[in-house]
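In: this one's structure only:
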């Protein structure tokens, strides 16, 4: 009998946790929708152009700082 009670309590707790997780997932989806996480096409073009450019090599951090400070 005690095992049956423990099992029922465990099922109730799992059901409660599952319900809470579903609510959290729903809230996260709603927040994402409100934030408008889509990227504008002009930004995608800029990113593609940046990716196509050749990078600059640096021998050390000091050389990088010199170029940045120009």
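Out: That came in fine, so what should we check first? The structure displayed is predicted, hence computed values, not measured ones.

In: and the gap between the residue nearest the centre of the chain and residue 38?
Out: Nearest residue to the geometric centre of the chain (C-alpha atoms, centre = their mean): residue 32, 10.3 Å. Using C-beta to C-beta, to the nearest Å, one gets 10 Å for the distance from residue 32 to residue 38. (Each C-beta comes from the backbone N, C-alpha and C, glycine too.)

In: number of nearby residues for residue 64?
Out: Residue 64 has 13 neighbours, counted by other C-beta atoms under 10 Å.

In: does residue 32 count as helix, strand or coil?
Out: helix (DSSP: H, G, I helix; E, B strand; the rest coil).

In: which residues touch it?
Out: Contact analysis of residue 32 by C-beta atoms under 8 Å, 6 or more residues apart in numbering lists nothing.

In: what helix or strand is residue 62 on?
Out: helix 61-69 (DSSP states H and E).

In: chain center to that helix, what's the gap?
Out: Chain-centre distance of helix 61-69: 32 Å, with C-alpha atoms, centre = their mean, to the nearest Å.

In: Also stretch 20-35?
Out: So, by C-alpha atoms, centre = their mean, the centroid of stretch 20-35 is 13 Å from its chain's centroid.

In: Could you do stretch 11-22 as well?
Out: From the chain centre to the centre of stretch 11-22 is a distance of 24 Å (C-alpha atoms, centre = their mean).

In: go on, stretch 29-47?
Out: With C-alpha atoms, centre = their mean, you get 13 Å for stretch 29-47.

In: go on, stretch 54-61?
Out: 30 Å.

In: which residues sit against it?
Out: Against stretch 54-61 from outside (C-beta under 8 Å, 6+ apart): 64, 67.

In: per-residue confidence averaged over it?
Out: Averaging pLDDT along stretch 54-61 yields 85.
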